[in-house]
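# Please find the sequence and the predicted model below.
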Amino acid sequence: MKKLIILLSLIPAIGSLTVMNRLEPYILGLPFIVFWSASWLIITSICLYISCILQEKQEENK
């Protein structure tokens, strides 16, 4: 099961580099692949922050 999850997480990364590696579609003045990477960086940071807050609340309740 763990190998399947790792494989599924690699497919979008490889696909994004091969399929979406184009200069034409611009979003906010950035090529799509740069925008995609930057947006996932921000989304990941927000998710980690939320999980940190939830973990602190859970530790306070113990």
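Cool, the structure landed. Since the structure is predicted, the reported quantities are computational estimates derived from the model, not experimental observations.
# how about the helices in the protein?
Counting by DSSP state H, the chain has helices at residues 2-19, 32-61.
# Comparing those helices by mean pLDDT, which bottoms out?
Lowest mean pLDDT of the helices of the chain: helix 2-19, a mean of 65.
# give me every residue that touches Leu54.
Residues counted as contacts of Leu54 (Cβ atoms under 8 Å, 6 or more residues apart in numbering): none. (Glycine included, C-beta is placed from N, CA and C.)
# so how far is Tyr26 from it?
36 Å (Cβ to Cβ, to the nearest Å).
# Ser39 too?
14 Å.
# go on, Lys57?
For Lys57, the distance to Tyr26 equals 41 Å [Cβ to Cβ].
# Could you do Phe35 as well?
8 Å.
# Which of the two has more residues huddled nearby?
Phe35 (16 against 11; other Cβ atoms under 10 Å).
# who's in contact with the more buried one?
Ile27, Leu28.
# rerun at 6 Å
Ile27 (Cβ atoms under 6 Å, 6 or more residues apart in numbering).
# for Pro25, same thing?
Pro25 makes contact with Phe32 under the criterion Cβ under 6 Å, 6+ apart.
# Glu59 and Phe32, how far apart?
Shown here: Glu59 relative to Phe32, a distance of 40 Å by Cβ to Cβ.
# Which one's more surrounded, the two?
Higher neighbour count among Glu59 and Phe32: Phe32, with 16 against 8, using other Cβ under 10 Å.
# And that one, how far from Ile43?
Going from Phe32 to Ile43 by Cβ to Cβ gives 16 Å.
# and the gap between Glu59 and Cys52?
In terms of Cβ to Cβ, Glu59 sits 11 Å off from Cys52.
# same question but for Trp40, I mixed them up
According to Cβ to Cβ, Trp40 stands 18 Å off from Cys52.
# Can you pick out the residue with more neighbours from the two?
Trp40 (13 against 10).
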